[in-house]
Structure formats: C-alpha cells, structure tokens
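> Below are the sequence and a predicted model for it; my questions follow.
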Amino acid sequence: MYTAARDMRHRVGSRTALRGWLSSKRAGGSICFLTIRDGTGTAQLVCERDSLPEPDFGRLRGLPLETPIEAEGLVA
C-alpha cells in the first residue's frame, strides 16, 4: 500500500511506501535528495550512500527528471 505525499506527515516514525515522479534532485558526496511528486503533492527522499548498494546510489544520481519512482523507507 502506498501513502500519498500529502499524508506523509501522518506517518512520521513509521515505514511507508511512496510512488510518483522525480520532480527535482540534488546530490553531493554521500547524500542525495530526491523530490517525488504524486497527484497530491510532493515529498522529499533522503538517500544516503551507506544505506544503499553503490551501484544503486550511482543510478539515483543519474536519473532524469520525470522518472517514475517507487520507494520505501522511514518517514522522518
């Protein structure tokens, strides 16, 4: 089950899944920020190099905008 971006604030402290399109990204060193847009709003994903296999982290940095994304993780 996926959580809408607008409802993420109700899921703080729990694991959830989100899907949408890559709206923007910023990467630097060992961290990558991805803004995901769905039909209800946006949510930011914070991806740390230490928590992903190196090939996956490298692929995140190279994704073009509007790429469909599905992600699961802890809402902070």
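Okay, I see it.
> Next, the buried residues of stretch 43-58.
43, 45, 47, 49, 57 (16 or more other C-beta atoms under 10 Å). The C-beta positions use only the backbone N, C-alpha and C, and glycine is treated the same way.
> Give me the subset of these lying in strands.
Judged by DSSP state E, the buried residues of stretch 43-58 include 43, 45, 47 as members of strands.
> if we can go back for a sec, what's the farthest-apart pair in the buried residues of stretch 43-58?
The distance between the two most remote of the buried residues of stretch 43-58 (C-beta to C-beta) is 20.5 Å, for 43 and 49.
> Can you pull out the low-pLDDT segments for this structure?
For the chain, applying pLDDT under 70 flags no range at all.
> what's the residue closest to the geometric middle of it?
With distances taken as C-alpha atoms, centre = their mean, the residue of the chain nearest its centroid is residue 45 (3.2 Å).
> hang on, the earlier thing: from the buried residues of stretch 43-58, which is closest to residue 70?
Distance to residue 70, by C-beta to C-beta, is smallest for residue 45 among the buried residues of stretch 43-58, at 10.9 Å.
> Return the set of residues that bridge with that closest one.
Judged by DSSP bridges, the bridge partners of residue 45 are residue 34.
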